[in-house]
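Sequence and predicted structure below; questions after.
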Amino acid sequence: MSQERGSLIRGARRLLDFLLPAACLGCGGRLPLDASSALVCGPCLTRLAPPSSPLCKRCGFPLGTGAPAAESCLECSSWPAILRGARSAYVLSSPADALVHALKYGGWGELAGLMGRRMARSIPAAWTEKRPLVVPVPTTRAREHRRGYNQAELLARVVAGAMDLPLAHVLLRERGGATQVALHPAQRRANVEHAFHARPGALELLAGARILLVDDVLTTGATVAAAARALREAAVVEVGLVTFARALPFDTTAG
């Protein structure tokens with residue numbers, strides 16, 4: 001009797017897999033029913049590409065084959081001094097770009113678990129020794145309402161849990177401006193200038209604090225630089241950034 005029941009269950013699973021096949025969010029390929037909860041197939045996970053060494057020691061930008069590691073580079077030379085550095089788990093190429101899009105625009109909040117854990121692995125140990133506050137980069141209320149969540153907040157929850165660090169919602173974004181997609185660097189800076197400020201009730205918590213900002217993608221750094229300046233005004237002493245992906249200069253599709 002148990003064997004017959006087992007056969008029926010297996011048959012039902014095969015039929016369900018045939019009628020409602022799960023698809024990998026990275027490549028769109030079919031996932032077996034018993035692996036559908038993974039959301040991303042094994043080959044896509046192996047194709048996620050970390051930034052290649054040598055890297056800028058400050059912002060983690062790949063400097064190119066044969067170049068020596070540098071303390072800073074042109075990508076981060078205009079960042080405020082309070083922004084100590086940035087790290088990204090992967091380069092924004094396929095399939096990382098598809099995962100970012102699925103999380104940010106596709107409603108796949110469940111991806112934050114996978115992505116946040118990968119981000120936590122990329123954080124230098126020295127950054128967490130003094131137990132910084134993990135802070136998501138806020139979006140506007142309109143965008144959060146439209147998407148149903150702030151993807152940076154979902155990622156920050158996972159990063160904070162993985163690193164056993166406190167999570168704090170201490171920043172507000174009051175001004176929306178246009179989306180950052182397809183804007184040139186100067187336009188990006190103007191778009192987010194004075195867009196952030198510290199929550200009034202968080203000023204005591206922020207004074208003298210160290211902050212680990214969390215976002216999905218690092219492009220030019222305009223957004224994080226604006227957020228860091230707002231934190232500096234609240235007497236924060238140091239800011240770092242971790243993102244899932246890093247857009248390279250020739251990539252015009254990043255958000």
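On my side now, so go ahead.

Was I right to think Pro50 contacts Ala89?
Yes: counting by Cβ atoms under 8 Å, Pro50 touches Ala89, with 6.7 Å between them. For glycine as for every other residue, the C-beta is placed from the backbone atoms N, C-alpha and C.

These two: who's more crowded?
Taking other Cβ atoms under 10 Å, Pro50 and Ala89 do not tie; Ala89 has more neighbours (24 against 18).

Tell me the buried residues in the helix or strand hosting Ala156?
Element membership for Ala156 (DSSP states H and E) is helix 151-163. Residues of helix 151-163 classed as buried by neighbour count (16 or more other Cβ atoms under 10 Å): Gln151, Ala152, Glu153, Leu154, Leu155, Ala156, Arg157, Val158, Val159, Ala160, Ala162, Met163.

Identify the residues contacting the second one.
Spelled out, it's Ala152. Pro136, Val137, Pro138, Thr139, Val214, Asp215, Asp216 (Cβ atoms under 8 Å, 6 or more residues apart in numbering).

Filter the residues you listed down to the buried ones, ChimeraX style.
Selecting the buried subset of these in ChimeraX, with 16+ other Cβ under 10 Å as the burial test, is done by:
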select :136,137,138,139,214,215,216
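
Among the contacts of Ala152, name the ones in helices.
Among the contacts of Ala152, none falls in helices (DSSP state H).

what residue ranges in the stretch 101-250 of the chain score low on pLDDT?
175-191, 250 (pLDDT under 70).

Find the nearest non-adjacent residue to Ala49, please.
Leaving aside its sequence neighbours, Ala49 sits nearest to Val91 (Cβ to Cβ, 6 or more residues apart in numbering; 5.0 Å).

tally of neighbours for the one you found?
So Val91, with other Cβ under 10 Å, has 19 neighbours.

Run through the residues that contact it.
Here Val91 is in contact with Ala49, Pro50, Pro51, Ser52, Pro62, Ala245, Arg246, Leu248 (Cβ under 8 Å, 6+ apart).

Please apply the same query to Ala156.
Gly116, Val134, Val135, Pro136, Leu167, Val214.

quick one: which of these is nearest Leu241?
Nearest to Leu241 out of these is Val214 (Cβ to Cβ; 7.7 Å).

any idea how far the closest residue to the closest one other than its chain neighbours is from Cys27?
Spatially, and ignoring its direct neighbours in sequence, Val214 is nearest to Ala156 (3.9 Å; Cβ to Cβ, 6+ apart). Here Ala156 is placed at a distance of 27 Å from Cys27 (Cβ to Cβ, to the nearest Å).

Done for today, thanks.
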